[in-house]
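> What shape does this take:
(one chain, ligands or ions: 1)
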Amino acid sequence: MCSQDLNFETLLNYLRQKHHFDFTNYKREGLMRRISNRMQQVSITDFSKYHDYLEADSEEFVNLFNIIENNFTYFFRDIADWDYLSNQIIPQIIASKSSKEPIRTWSAGCSSGQETYTLAMILAEVLGLEQFRQRVQIYGTDIDQEALNQARQGSYLSNHVTNVPGSLLNKYFERADDRYVFRRDLGSSIFFRRHNMIEAPPLSQIDLLLCRNTLIYFNLEAQTKVLMRFHFSLKHSGFLFLGRSEMAPNSDLFTSLNLQHRIFAKVPGGHLNPHLLVKAFKRPQYGSDKLSRLMPGQLSPFLA
Ligand SMILES: C[S@@+](CC[C@H](N)C(=O)[O-])C[C@H]1O[C@@H](n2cnc3c(N)ncnc32)[C@H](O)[C@@H]1O
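You can find the predicted model right below:
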């Protein structure tokens, strides 16, 4: 290992011990690029010097975190995939239930909420507003408290809603000055929480789980861990909706329904080898409530 790599690993260990954030789960190449970007902004070229800088400036970790966690998102991202979900998958979920049964969905890595509200709109369109209010539960989770605060507000500038079809914009958003606010009367079905999908216990009894454009940042071990947790989360008949950039998950756990649209069904009883299973459910030794110093509020992992 060259000295630059060694300094990089030392830096990652420092972040884990001091800030309780385990970036070792992230792909090395992308992580190095992002940390280097931040170093460039503060005119530092060496990982060990940046380590010193982090130690000296207590606020620097927030800046670094915001660069590492890519929150990029928009409404109806990859619209053809949403069409498929709306026309082919959601009707199957509805048909598999009695008219009073709840429909539980989870948008994991929801960023500032655009994906979660997109899901709310398509569910409300298929079910009707009354059934939506009575039956739908949508959990939006992310590790980034700042993004979640935006999500909870559900308030977006006009240039952020350009992808929302006009009829849906009129129906689901109210104008407030220069912003569009997602209608409050549907808000009681939508719950935003901080949750680290790599470490915290997963939700359960989920019918439809969205995890889009997030797994791509994790290394293979973390991806496997998360997918095993998602397998646990889903009901026997549950569906998984990934992003375009994500690889198909292990076929022991999920079977592909439409690879192009990244829709998968849970393989009931499916499992990977027991060694991996133990690893996937082992709690970390260090604190799991990341960034608690920086982000007070709903920090505990939650179970439904
Ligand atoms: C690129 S955004 C994707 C947003 C949305 N899913 C989409 O496809 O438009 C990735 C999100 O995953 C979140 N994230 C990264 N690591 C996470 C983790 N371990 N647990 C939960 N969320 C995480 C980031 O904070 C970020 O908001």
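
> The closest residue to residue 47 other than its chain neighbours: which element?
Nearest non-adjacent residue to residue 47, counting by Cβ to Cβ, 6 or more residues apart in numbering: residue 7, 3.9 Å away. For every residue, glycine as well, the C-beta is placed using N, CA and C. In the assignment (DSSP states H and E), residue 7 maps to helix 3-19.

> And that helix, how far out from the chain middle?
25 Å (Cα atoms, centre = their mean, to the nearest Å).

> Now that helix - C-alpha only, CSV.
Only the C-alpha atoms of helix 3-19 are listed here, as CSV (Å, rounded to 0.1, in the frame of the first residue of the first chain):
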residue,chain,number,x,y,z
SER,A,3,1.7,6.1,1.7
GLN,A,4,-1.2,8.1,0.1
ASP,A,5,-3.5,5.0,0.4
LEU,A,6,-2.3,4.4,4.0
ASN,A,7,-3.1,8.0,4.9
PHE,A,8,-6.5,7.6,3.3
GLU,A,9,-7.2,4.5,5.4
THR,A,10,-6.0,6.3,8.5
LEU,A,11,-8.4,9.1,7.7
LEU,A,12,-11.3,6.7,7.3
ASN,A,13,-10.5,5.1,10.7
TYR,A,14,-10.3,8.5,12.3
LEU,A,15,-13.8,9.4,10.8
ARG,A,16,-15.2,6.2,12.2
GLN,A,17,-13.7,6.6,15.6
LYS,A,18,-14.2,10.3,16.1
HIS,A,19,-17.4,10.9,14.2
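
> For the ligand, tell me whether that helix is touching it.
No. Applying Cβ under 6 Å from any ligand atom, one finds that helix 3-19 is not in contact with the ligand, the shortest distance being 13.6 Å.

> which residues in this structure form strands?
Using DSSP state E, the strands of the chain run over residues 103-108, 136-142, 155-157, 173-176, 179-182, 190-194, 206-211, 234-242, 254-258, 263-266.

> Mind putting those strands into TSV with mean neighbour count, mean pLDDT and distance to the ligand?
Shown next, in TSV, are these (neighbours: other Cβ atoms under 10 Å; pLDDT from 0 to 100; distance: least, Cβ to the nearest ligand atom, whole Å):
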stretch	mean neighbour count	mean pLDDT	distance to the ligand
strand 103-108	26	98	6
strand 136-142	23	98	5
strand 155-157	16	98	13
strand 173-176	13	96	18
strand 179-182	18	98	16
strand 190-194	21	97	8
strand 206-211	25	98	7
strand 234-242	21	97	9
strand 254-258	16	96	17
strand 263-266	21	97	14
